[in-house]
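[1] A predicted structure for the sequence below; I have some questions about it.
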Amino acid sequence: MFDQVIDIAREAGRIVLKYYGQEYRVEYKDDAQIDPVTTADYEADDFIRKKLSQAFPDDKVLSEEAEHDDKPQDYNGNVWMVDPLDGTKNFVKGKTGFCVMIGLCRDGVPVLGVVYAPVSKELYYAGKGSGAWYKKANSKPVRMRVASAAKLSDAVKVKTGDKTPIPKARLRSLKTREVLRKGSTGLKICTVASGKAHVFLCPYLTTSKWDVCAPQVILKEAGGRLTFLDGKPLDYKQESPVWGKPFLASNNKLHEEALSFLSESYQNKRT
């Protein structure tokens, strides 16, 4: 199964690169024009859904660019969760921080994840109980493990975006040894899984299942942890594909310290 899904992700990456730096159509999903979708998104999405349906005809496919009619029972069994172009904003700006993500949930539990960055040809993948792996170009796969920092003061955090329900002053006071800039949400989570960073806060309320499923498997198999700010796990059987809450990804060892620090700020912001 891994080989099939990896091949699909790589081919989708080639489709995306066909448009990278070229002319293509850009539309927006919102009136404020901050959530773009492009020809590359649609074409890669069509390709991935077609290939998954051919390879796994009994499975369901939930994709960002497809129409959604989701009910709780729809998430039983095997459900593929696809983001054909995670980091479309970076893609449109000509930056490299975007990727293709394909994850598999089985009865609401993420069990397989593939994240492929087509510009750098970096591949991250994991299966439940099979470990997390990193492969670049023609090199051999390398087993990934999270880094061992146990205190935020010794940690590297992946930079959080500017628009957040958590007060910026509080975020700035979240002192870590270093701040690392990385691309899309999926790549940021994989950066924690690879041990290059220790913690990443995703503050956005519009992040969805297809943004998290694949990299969450990779992070967990690398020894990390991902939860909402109240410490509860993400419920992949919830009716809406949109999470509606911030979440935290970490190396696990400093997860509770970061949760304690951030959850208080989030609750104060809401009240």
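    All right, it came through fine.

[2] where does the stretch 101-250 of the chain dip in pLDDT?
    Residues of the stretch 101-250 of the chain that meet the criterion pLDDT under 70 lie in 161-175.

[3] Going along the chain, name the strands of it.
    109-117, 122-127, 131-136, 142-143, 156-158, 178-180, 199-202, 225-228, 247-250 (DSSP state E, counting those that start in this stretch).

[4] Take those strands and lay them out in TSV including mean neighbour count and distance to P84.
    Just so you know, the C-beta spots here come from the backbone N, C-alpha and C atoms, and that holds for glycine as well. Formatted as TSV, the strands of the stretch 101-250 of the chain follow (neighbours: other Cβ atoms under 10 Å; distance: least, Cβ to Cβ, whole Å):
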stretch	mean neighbour count	distance to P84
strand 109-117	24	11
strand 122-127	24	16
strand 131-136	18	20
strand 142-143	11	26
strand 156-158	23	23
strand 178-180	13	26
strand 199-202	24	19
strand 225-228	20	22
strand 247-250	26	22
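
[5] Could you say which one of those comes nearest to K95?
    Closest of the strands of the stretch 101-250 of the chain to K95 is strand 109-117, at 11.7 Å (criterion: Cβ to Cβ).

[6] relative to strand 131-136, how tilted is that closest one?
    With axes from the mean of the first three to the mean of the last three Cα atoms, to 10 degrees defining the directions, strand 109-117 sits at 10 degrees from strand 131-136.

[7] returning to what we had before: so which of the strands of the stretch 101-250 of the chain comes closest to W210?
    Taking these one by one with Cβ to Cβ, strand 109-117 is closest: 11.2 Å.

[8] Just checking: what are the partner strands of that closest one?
    Applying DSSP bridges to the sheet, strand 109-117 is found paired with strand 99-106 (antiparallel), strand 122-127 (antiparallel).

[9] and Y236, what does it touch?
    Y75, V79, M81, C105, G108, V109, P110, K209, C213 (Cβ atoms under 8 Å, 6 or more residues apart in numbering).

[10] Make JSON lines from those and add distance to Y24 to it.
    Shown next, in JSON lines, are the contacts of Y236 (distance: Cβ to Cβ, whole Å):
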{"residue": "Y75", "distance to Y24": "33"}
{"residue": "V79", "distance to Y24": "29"}
{"residue": "M81", "distance to Y24": "25"}
{"residue": "C105", "distance to Y24": "31"}
{"residue": "G108", "distance to Y24": "36"}
{"residue": "V109", "distance to Y24": "36"}
{"residue": "P110", "distance to Y24": "31"}
{"residue": "K209", "distance to Y24": "26"}
{"residue": "C213", "distance to Y24": "26"}
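
[11] and those residues, which are buried?
    Y75, V79, M81, C105, P110, K209, C213 (16 or more other Cβ atoms under 10 Å).

[12] Wasn't the second one part of a helix?
    No. When DSSP: H, G, I helix; E, B strand; the rest coil is applied, V79 is found to be strand, with no helix at that position.

[13] which residues does it bridge with?
    With DSSP bridges as the rule, V79 is bridged to K60, C105.

[14] Look up how far V146 lies from it.
    26 Å (Cβ to Cβ, to the nearest Å).

[15] Also the last one?
    Spatial separation of C213 from V146 under the definition Cβ to Cβ is 19 Å.

[16] what's the spacing between the residue lying closest to R25 once chain neighbours are set aside and P241?
    Of all residues not flanking R25 in the chain, T39 sits nearest, at 4.8 Å (Cβ to Cβ, 6 or more residues apart in numbering). Applying Cβ to Cβ, the value for T39 to P241 is 23 Å.
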